[in-house]
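A.B. asks: only the shape, not the letters, is given here:
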């Protein structure tokens, strides 16, 4: 930035003040506000500039550190970059930093003056790629015209990478033109684009998904051709969460209960697998009593917080049913909303019915340009306004949209939740980590066999999780033969009633056509199979209510959930990345406190 300021001053000195200010503003815009990331790709120039800015700055720092690390001084540098991969590992966290591949090639070719072959070997050895989504609309495909105007040298390097890559494909599958098109880094149909996922696979020595089912899906479907070419590169690294933040910090009372019962002072905090020792106490009356007490305390605290921040009163004795995550059609907040309407209609139909009281909370943010996601939020808020002000409903049902959902709010709500909603269409959620956070904090899960839910079920056993809906294989089969959402709409009276209420403006009489597009998308298209899974979901929710009526059974399941959380520690995940991809062995040496002086050495 100092060079930019100096050049601007030089321009000012010759009288072109206006251009100097404009240039300065354009440069600062790149880092003024980080472009929002979501499973919804928009090919905006600002996003591309920011991705390159962060990649270029990081790589310059990496190269500088590598050169001085041998001698610790700029006066004597390590000049041989052939050993870069022995000291440096770059993990491409999805495709957003994938420009690191052509940028590192540019540095090695143009600045370090290495040959193409040497530069490519170094780049592949250094880089590895983690895929985080199977959604086509989320995969980055940058227009060639945009790259040509902003990063022409990088585009020329990508073209050369692609030419050499396709030459290898041709040798392995001679005459297979279709495969060449599918595996090209350059998409030729429509506007010419660069497929950044393909670039990431070709330019990396390892490729992984973030849950077992997700890693299998990318091998079987979206990256099948690449898996057939590079089977040794593909592996799985199931996501994890840090227990230090997501239990010890945010739920200290539960942490104390666990420590007291296991009798191991803080040992489980760095070895979460030790939680399996709680299985032996899942019928211990004293532990069950403590689990219930802690959950009630956390629910009371969160109710007070919600009253203070959103002026909403909730029934602490109700089941806290929560879905917090990005608002997206594949995550199926709309399926949750259909359940909300169904519960409302049942209570209205029979106000004396013995229904388990629920507080249903939805939280999350919508991408700025994602119109449907914003409509989903508005629909839920409109329904909440009707339900929460209906005297016939009372404390039996309350709907709450959690405003400005963020980490600090998650730390408050997650310890208080009874039921975690993980209801994405099977085969669409890469992994999820919210499911793990809720499990660790004693919430039971209602979900599909998607993402890490599958492994959670394997760890805890099928009797400790509420599973519903179509499997990945069933989803594929339905789409292959053709999905008919209208048949579900016409054959299920409760579903038809809920959808008709959305269509006719029951929850928004002043704007009756406001949610017509949501109705149309479900009844005539239903890409994410909400209507196909509705009946199974409703029946599973009834099962949830029946178990919740039995506090002892519910608490036993809670203990089994917590005891089965060990696999989902980020310590395990990072250890696997280190040993399987980065080529380093993890250790448990504690880092020094940065605020304390280093120990004195004689």
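C.D. replies: Now that the structure is in, tell me what you want to look at. If you're wondering where the values come from, they're calculated on a predicted model, not measured in any experiment.
A.B. asks: any idea where the helices of the stretch 351-500 of the chain begin and end?
C.D. replies: The residue ranges that make up the helices of the stretch 351-500 of the chain, judged by DSSP state H, counting those that start in this stretch, are 371-388, 407-413, 434-440, 453-460, 472-481, 485-491, 493-504.
A.B. asks: of those, which is nearest residue 281?
C.D. replies: helix 453-460 (15.2 Å; CB to CB). C-betas here are computed from N, CA, C, even on glycine.
A.B. asks: buried set for that closest one?
C.D. replies: Buried positions in helix 453-460, judged by neighbour count with 16 or more other CB atoms under 10 Å: 453, 454, 455, 456, 457, 459, 460.
A.B. asks: need the residues you listed in TSV with distance to residue 383, can you?
C.D. replies: Output for these, formatted as TSV (distance: CB to CB, whole Å):
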residue	distance to residue 383
453	26
454	31
455	34
456	30
457	31
459	35
460	33
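A.B. asks: now stretch 30-47: average pLDDT?
C.D. replies: Taken as a whole, stretch 30-47 has an average pLDDT of 74.
A.B. asks: going forward, count from 24.
C.D. replies: Got it, the first residue is 24 from now on, which makes the last one we talked about stretch 53-70.
A.B. asks: low-confidence stretches in this structure?
C.D. replies: Within the chain, the segments meeting pLDDT under 70 span 24-46, 59-66, 93-98, 621-625.
A.B. asks: would you map the strands across it?
C.D. replies: Defined through DSSP state E, the strands belonging to the chain, from first to last, are 113-116, 150-153, 164-166, 209-210, 216-218, 230-232, 257-259, 342-347, 381-386, 420-425, 442-445, 467-470, 489-490.
A.B. asks: out of those, which comes closest to residue 67?
C.D. replies: Residue 67 lies closest, by CB to CB, to one member of the strands of the chain: strand 164-166, at 10.2 Å.
A.B. asks: list of residues touching the closest one?
C.D. replies: For strand 164-166, the surrounding residues in contact (CB atoms under 8 Å, 6 or more residues apart in numbering) are 64, 66, 71, 210, 214, 215, 216, 217, 218, 219.
A.B. asks: got JSON lines for those, with neighbour count and distance to residue 526 too?
C.D. replies: Supplementary listing: the contacts of strand 164-166 in JSON lines, determined by neighbours: other CB atoms under 10 Å; distance: CB to CB, whole Å:
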{"residue": "64", "neighbour count": "20", "distance to residue 526": "30"}
{"residue": "66", "neighbour count": "13", "distance to residue 526": "34"}
{"residue": "71", "neighbour count": "20", "distance to residue 526": "40"}
{"residue": "210", "neighbour count": "17", "distance to residue 526": "38"}
{"residue": "214", "neighbour count": "12", "distance to residue 526": "36"}
{"residue": "215", "neighbour count": "14", "distance to residue 526": "41"}
{"residue": "216", "neighbour count": "20", "distance to residue 526": "37"}
{"residue": "217", "neighbour count": "24", "distance to residue 526": "42"}
{"residue": "218", "neighbour count": "21", "distance to residue 526": "39"}
{"residue": "219", "neighbour count": "25", "distance to residue 526": "39"}
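A.B. asks: got a markdown table for the residues you listed, with distance to residue 136 too?
C.D. replies: Below are these laid out as a markdown table (distance: CB to CB, whole Å):
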| residue | distance to residue 136 |
| --- | --- |
| 64 | 36 |
| 66 | 34 |
| 71 | 28 |
| 210 | 32 |
| 214 | 35 |
| 215 | 31 |
| 216 | 31 |
| 217 | 26 |
| 218 | 30 |
| 219 | 27 |
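A.B. asks: center of the protein - which residue?
C.D. replies: residue 455 (5.3 Å; CA atoms, centre = their mean).
A.B. asks: contact partners for it?
C.D. replies: 234, 262, 348, 445, 447, 474, 475, 476.
A.B. asks: list the buried residues in stretch 497-515.
C.D. replies: Residues of stretch 497-515 classed as buried by neighbour count (16+ other CB under 10 Å): 497, 498, 499, 506, 508, 511, 512, 515.
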